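requesting a structural model of the entry that follows:
(3 chains)
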Amino acid sequence: MNELVYLVPLFPLLGFLINGLCRKQLSKSLTGIIGSGSILVSFVISTILFWQVKSNGALPVDPLFTFIDAGSFKIDFAFQVDQLSCLFLLIITGVGFLIHVYSTSYMHDEEAPHFARYFSYLNLFVFSMLLLVLGANFVIMFIGWEGVGLCSYLLIGFWFKNDNYNYAAKKAFVMNRIGDLGFLLAIFWIIEKFHSADYAIVFANPQGTLSPADITGITLLLFVGATGKSAQIPLYTWLPDAMAGPTPVSALIHAATMVTAGIYMIARSNILYTLAPSVQAVVAVIGLATAVFAATIALKQNDIKKVLAYSTVSQLGYMFLGLGVGAYTGAVFHVMTHAFFKACLFLGAGSVIHAMGGEQDMRNMGGLKKYMPVTQITFLLSCFAIAGVPPFSGFFSKDAILSAAMQSNMLYYVIGVLGALLTAFYMFRLYGMTFLGSFRGTHDQEHHLHESPKAITIPLVVLAALATVGGLLGIPEVFVKDSNWLEKFLAPVFAGSTALTQAKPAEGNSSMELVYMFVVAAIIVAVIAFAWSKYKKYEKTTEPETGLGKVLANKWYVDEIYDAIVVRPLNALAGFLKNVVEKSGIDGFVNGVGRFVQYSSRQLRLLQSGLAGNYILYMVLSIVVLFVIFWNQTQIVQFLENIF
Amino acid sequence: MPIQYYLTLSAILFCIGVAGALTRRNAIIIFMCIELMLNAVNLMLVAFSKMSPAVEVAGTNGGTDAQLFVFFIMVVAAAEVSVGLAIIVMMYRNVHSIDVNFLNRLKN
Amino acid sequence: MIPILLIAIPLVTGFAAFFINTDKGAKIWSLLASIITLAIAVAALCEANTSSQLSVNAEWLPALGAKLSLSMDGMAKMLCLLTAVSLPLVFGATYKNTYNKPGNFYGLMLLMQAGLLGVFLATDALLFYFFWELALIPAYFLCSTWGGEKRIQVTFKFFIYTFVGSLLLLIGILYIYFKTPDSSFSIQSFYNTKLTDGQQFFVFWLFFLAFAIKMPIFPFHTWQPDTYEQAPTAVTMMLSGVMVKMGIYGVIRWILPVFPAAVVKFDQLIIVLSVIGMLYASLIAIRQDDVKRLIAYSSIAHIGLMCAAIFSSQQVGMEGVMIQMFNHGINVIGLWIVADAIEQQLGTRKFSELGGLAQRAPGLAILLVVMILANIALPLTNAFTGEFLMFNGLFNYSIWMAFIAGISIILAAVYSLNMVQKIFYGRTMPATEYANDANGNIQFVLALLAVAILVLGVYPQPVINLTHDSVQAVLAK
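Here you go, the predicted model:
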C-alpha cells in the first residue's frame, strides 16, 4: 500500500500538466473540474494514508529512484509519511480543495486560457507543497520549498499587465531566495557531517556526529530559511505585498500552507533545535517580536487584505514562539487551526471584494451584514477563532503556545498576551468596518452588492465550521486528562525532543494555568466588545493620521528603510561597477594596452625618417652605446690590455 | 714606433670619416668619407700585421692574414665606388641634385 | 574510429559547404551534416569506455613526438554530445535567418564544430593546440563578417585576447614538452613529467591564463559581453554554449593533473577571483538594459561558479561541474534563441523598448520562463543538480566562500526575473504592440530544450554516471 504515497502528489502534477498544456482547448468548467478534482483525489488518498498512519504508525520510507548519487553522498527521491507529514497532507489537500472550488467561481471572469493557467499554477503549487512535506530528506524538502516559492511568484504576478503586481511577485521571490540561501547552506552543512540528508539518518543521533557549534550553525541557517518562507523579521515585508495576487491565492499560499513551511521545517528538525537552546531562544524572540510588530501594523491598515496579511505574519510569529519554547505540538496545532480560520477569513474577504467589484478599502465598505449573511457569519466565527475566544479553535492552539511560553519565560507570556489583545482588536476593527454600520461606498457598488454563489459560500461554511470546532483536537490537559489527541498523535515525531527535555520536571500549577487562561480570555472578550462598539459606527474621515498612527499606517517605514540601506546601495554599486569599474577600469585597462601599443608605434614610426644620414647616426650611436655597455666586460678589457 | 701611434691615427681618420658621412649631404663627399673609414681600417690592419708578435714565430705565415684582408677591402671598395658612382649619376639624372636628403621616399 | 568520424564529418562537410551558393542548399546541407555528427556522438555514448572504437592512435609528426591520438572518456563523451547537440539546435532555431554568402557561413560553423570536437577529443598536446586554434579562427571570421555594427573592432579585441592566451598556452606546452623524458606531446607523458614546484608555478599561469580568458574568469572577461553582443546570434550560441567549455575542459584535463602543486598553491587566489567575478557579473547584469549583454554577464557568473568548484578540488564539486557544463550549454543556448527571436522580430534588444510581450507571444513567454528558471537553478530544472553539487563542493572547501558565492543565487533571481518582467510582463510598448508569437522552428527547438531541462532536472543521474570515471581519474592524480 506504500505506493499510495506517490499518488498523492501525482494527481496535482497531472492536473498541472493537463491544464497547462491544454489551456487553449479546455472549457472553463472542465478546467475547474480537473483542477479541483485532482486535489480531491489527493485528499482522499491522504485520508487513507492518515488512517494507516493512525493505526500503524509511520510508513516505511521506500525510495522511488536515486536523485543524485555524487559518490560521497546519495540523495534518494523518497517520500516519508509519518504523523507530522500526514497531518500537513490533510491540511494542504483539504483546505487546498476547498480553495480550488472557491476559485472556480472567484476567477470566473478570466478568459479561458488564463483561467486554465491559474488552475495549472495552483495545482503546481499543491504538488510542490506536497513534495515539501512528503520528502524523506532535506533535498526533497528543498525542491518543494523552491517550487512553492516559484508558484507564489507566478500567482502573485498572475495579472502580469500590472507592473506593481510584478514587482510584488519579484520581491516575494527574491526575499524567499535570501532565506533559501540559508537553508541551502544548512543542507550542505548536514551533508558534510552526515554524508546524507535523510531525516532517518540525521535525526537518529545528532549529538553523536555534530558538535554544539555545528548544531547551532545548522539550526540558525535553517531558521534563516524559515524566516524567508514564513515571513518573519527581518524578511517579512514580501508577504503584505504578496496580496497583489488573486484572493484565493492569498488564502491558500500566503495564509494556510506555504508560509507554514518554515514551521514544518523546524518542527521536522525539532531534535536539532532542542539540542540548541540558544537558537531556540533566538527563534522565540524573533517569533514574538514579529507577532507583536506585525500586529501593531495591522491596527492601522485600511486595505482588508493587508490587515489579514499582517495578521498572518503575526500568527506565524506565534507559531515560531511555540517552536522556540519547545511547544512543537502547539505550533503545529496552531498551523492547523490557523489554516482553517485564516483561509476562511481570506476567502470571506475575497467574497466581500467580489461583491464590492474589486474594492479593497474598508473605509468604503460597511454594513455588508445585511447583504451577505453567509459571508458575515462565517467571517465572524473565524474572527472569534483568531482572537482566541473560547471555545473556538484559536483559543486552544494559542493557549498551547502561550502556556508553554509561560513555563519558559514569563516575559514571553506577557508580551504574547499583549499581541493576542492587539489581534482581537484589529480583527474586530476589520469586522466592524466591513460588516457593521452603514454602507459607505458608491451608489453603484451598493446596487451590485449580493451574496456570493454557492461555490464560494460552501467552502466558507466548511472552513468556518472547522475553525469553530477544530480546537477540540487538542484540548489542554488542564481541562480533561488525556484529552489532547493531537499531542498523543504527534508524540512519535517529537519523541526525541521530549526525551531530552524530560530531564527538567515540568513545573506548573494547573489551577494557576486555568486562572491565567480565563483572565486572558475575559480581557480578550472585553477588547472585542470595545472594538465592536468603536467601529460599529465608523465614519469615513479624510484627516491624515498623525504621530504613532502615521508610523503604523506606514508600516514603521520598514520598506523605506530596506530601500535605503539595501536596495539603493546595491543598485548604486551595480551602476558603479557597470559604468565605472567595467567600462573605465577593466575594459579601460585592456583597451589602454591596445591604445598604448598603437600610440607607441605611431611615435616610433617617426624614427624612420627615410634619411640615410639619420640611419647612419643611429648606427653609430648604437655602436657607441654598445661600447659603453660592454666597456667593463673583462673580455674587452683584457683584449685591450693585450694590445696596449 | 709603437703601435699606439698607428692606432690613434687610424681612429682619428675613422672618426673624421664618420663625422663627414653623418654631417655632409653631398653624396660624393659622403662617398669619400666612407672611403676614408675603409682606409682607416686598412691602416690599422697593416699596422697590426707589421707589429704582431707572430711575425717572429718561425713556421707560421704570421701577420700576413691582415694584409690579405686589406687587399679584400681595397677590392670591395673599388667595386663599391663603381656601383656607388653609377647610383649617384643616376640620381643626378633623376633629381638634378646629389643631395642625399632628396632621397627620403622611404618615409611614409 | 568514432573520434575520427566525429572530427572528419564536420571538417569535410564544412569545406564542401563553401561551394554551395544557395541559401536553402547550405542550410539543408549543414543541418544534415550536423545531424549525422549528432548520431555518431550518440553512438559513442553506447560504447563502453574501454572500447577500441573510442580511441585512435596514429603517427602524425614522428620527428616531434606528436601523434594523432584521440580518445573519449566520460567527460569527452559528454562534451562531444553537447557540441553535437547544439549545432542542429542552433541551425534549427535560426533556420529563418538569412546570411550573405550562406555557404561560407555554414561552412565556417561546421569547421568551428570540428575544432571544438577536436579539442575535447585530443590526447596529444600539440593536437590539442591545433584544434584549439581551429575552433578559434572560424569564430573570428564568423564574427567579423556577419556581426553587428561594431563587429570589426570587437572581433579584433576578441581575437587579440584569445590569441594572447593561445600563445601563452603554446609556450607552456613547449616548455613541458622539453621537460618530458621521452620528448613526446602525449598527455600521458605530460602527466608523468615531474616538474619542480617552481616550474609548476610558472607554467601553471601560462596554461591558466589561456583557459581563464576562454572561460572567462574575472578580470579577463571584457571581450565576452562585447563579442556576444556583436556576433551573429547563431555564433554567440556556439561561443557561449560550447566554446567556453573549452576553457573549463582545459583546466580539468590539463591543469589539474599536470600542476598539482601549483593548484594547491593558487587555489585560494583563483577561487576568490571566481567568486568576485560571480558577484561582479551578477551585479552588472542587474543594471543591464540589453538582453544579450544581460545573458552574457549571467553566463560569466555561472562560469565563475564552475571555476571555483573545480579549484575547490572536491569530488562533489567536480561532479557538479561536469553536469553543469552540459546543462549550462543547453540552457544558455535556449536563452540566446529567445533573445534572437525577439531581436529578429522586433528589431530591438533594449528592455526599455520591450514589455508586455506575454500577451502577444504566450508560447515564447512560457518557454523563456522555463529557461530562466533553469538559469536561476530552480530545483527540478537541470541546473539545480549542478549548482547544488558545486556549491556543496565549495562549502566543503570553505563555508564563507560558499556563503559569499551563494549571494549570487539571490542576485541571479533578481536579474533573471527582471528580464522576464521587462520583456514579457507589463503593458505593451510601441515595438511589441503588433508582435507575433515566435515561429514554429523556434518554438519547436525551445520546447525540445525545455523537455531536456526538465528531464535532466528530475533524473540527472545518467550524466553523473557518465562523467564519474573522469572525475575519479582527475582527482586520483
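
helix, strand, or coil at A:Ile561?
Secondary structure assignment for A:Ile561 (DSSP: H, G, I helix; E, B strand; the rest coil): helix.

which strands or helices does the longest helix out of those in chain B pack on?
In chain B, with assignment by DSSP state H, the single longest helix is helix B:64-95. Using 3 or more C-beta pairs under 8 Å, 6 or more residues apart in numbering or on different chains; DSSP states H and E as the contact test, the elements touching helix B:64-95 are helix B:27-51. Where you see a C-beta, it was placed from the backbone N, CA and C, and this is true even at glycine.

and the closest residue to A:Gln207 other than its chain neighbours, its phi and psi?
Spatial nearest neighbour of A:Gln207, excluding adjacent residues (C-beta to C-beta, 6 or more residues apart in numbering or on different chains): A:Leu275 at 6.4 Å. Main-chain dihedrals, A:Leu275, degrees, to the nearest 10: phi -80, psi -10.

also A:Arg440?
Dihedral pair for A:Arg440: phi -110, psi 0, per degrees, to the nearest 10.

quick one: contacts for A:Ser403?
A:Ser403 is in contact with A:327, A:476, A:508, A:513, A:516-517, counting by C-beta atoms under 8 Å, 6 or more residues apart in numbering or on different chains.

what helix or strand is it on?
Applying DSSP states H and E as the criterion places A:Ser403 in helix A:393-408.

low pLDDT regions in chain B?
Applying pLDDT under 70 to chain B flags the ranges B:54-63, B:103-108.

in space, what's closest to the residue nearest the centre of chain B - neighbours in sequence excluded?
By C-alpha atoms, centre = their mean, chain B has its centre lying nearest to B:Leu38, at 1.5 Å. With C-beta to C-beta, 6+ apart as the criterion, B:Leu38 has its nearest non-adjacent residue at 5.1 Å, and that residue is B:Ala77.

was I right about the one you found contacting B:Met32?
No: if you go by C-beta atoms under 8 Å, B:Ala77 and B:Met32 don't touch, sitting 11.4 Å apart.

quick revisit: out of the contacts of A:Ser403, which is most surrounded?
The member of the contacts of A:Ser403 that has the most neighbours, counting by other C-beta atoms under 10 Å in any protein chain shown, is A:Ala327 with 25 neighbours.

that one against A:Ile401, yeah?
Yes: using C-beta under 8 Å, A:Ala327 makes contact with A:Ile401 at a distance of 5.5 Å.

relative to A:Asn554, how far out is the closest residue to chain B within the stretch 201-350 of chain A?
Nearest residue of the stretch 201-350 of chain A to chain B: A:Trp238, at 68.7 Å (C-beta to the nearest C-beta). A:Trp238 sits at a distance of 17 Å from A:Asn554 (criterion: C-beta to C-beta, to the nearest Å).

so between the two, which is more surrounded?
A:Trp238 (22 against 14).

where in the chain is pLDDT low?
You didn't pick a chain, so chain A it is. Counting by pLDDT under 70, chain A has low-confidence residues at A:1-2, A:502-510, A:631-637, A:639-640, A:642-644.

the intended chain is chain C.
C:477.

can you rerun that using 50?
Low-confidence segments of chain C (pLDDT under 50): none present.

so where's the longest helix in it?
Chain C, longest helix under DSSP H: helix C:315-346.

from A:Phe77, how far out is C:Asp340?
From C:Asp340 to A:Phe77 the distance is 36 Å (C-beta to C-beta).

for those two, indicate the residue with more neighbours.
Comparing C:Asp340 with A:Phe77 by neighbour count (other C-beta under 10 Å), the higher total belongs to C:Asp340, at 24 against 20.

show me where the chain has strands.
Went with chain A since none was named. Secondary structure of chain A (DSSP state E): strands located at A:65-69, A:74-77.

let me rephrase: I mean chain C.
Secondary structure of chain C (DSSP E): strands located at C:55-61, C:66-71.

now the stretch 401-550 of chain A against chain C: closest residue?
Residue of the stretch 401-550 of chain A nearest chain C, by C-beta to the nearest C-beta: A:Val493 (24.7 Å).

tell me the contacts of that residue?
A:82-84, A:267-268, A:270, A:328.

from chain B, how far out is it?
Remark: distance between A:Val493 and chain B (C-beta to the nearest C-beta, to the nearest Å) = 90 Å.

again with C:Ala285
48 Å.

just C:Gly92 next, same as before
53 Å.

show the contacting residues for that residue.
Here C:Gly92 is in contact with C:31, C:441, C:444-445 (C-beta under 8 Å, 6+ apart).

can you tell me which two in the residues you listed are farthest apart?
For the contacts of C:Gly92, the farthest-apart pair by C-beta to C-beta is C:Leu31 and C:Phe444; their separation is 13.3 Å.

residue contacts, residue 103?
No chain was given, so I picked chain A. A:32, A:35, A:118-119, A:122, A:246, A:248.

look at chain C instead
So C:Gly103 contacts C:17-21, C:25-26 (C-beta under 8 Å, 6+ apart).

cool, and B:Ser49?
B:63-67, B:70.

export the residues you listed to JSON lines and append columns for distance to C:Lys422 and neighbour count.
What follows is these, written out as JSON lines (distance: C-beta to C-beta, whole Å; neighbours: other C-beta atoms under 10 Å in any protein chain shown):
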{"residue": "B:Gly63", "distance to C:Lys422": "93", "neighbour count": "18"}
{"residue": "B:Thr64", "distance to C:Lys422": "93", "neighbour count": "13"}
{"residue": "B:Asp65", "distance to C:Lys422": "87", "neighbour count": "15"}
{"residue": "B:Ala66", "distance to C:Lys422": "87", "neighbour count": "16"}
{"residue": "B:Gln67", "distance to C:Lys422": "91", "neighbour count": "15"}
{"residue": "B:Val70", "distance to C:Lys422": "87", "neighbour count": "19"}
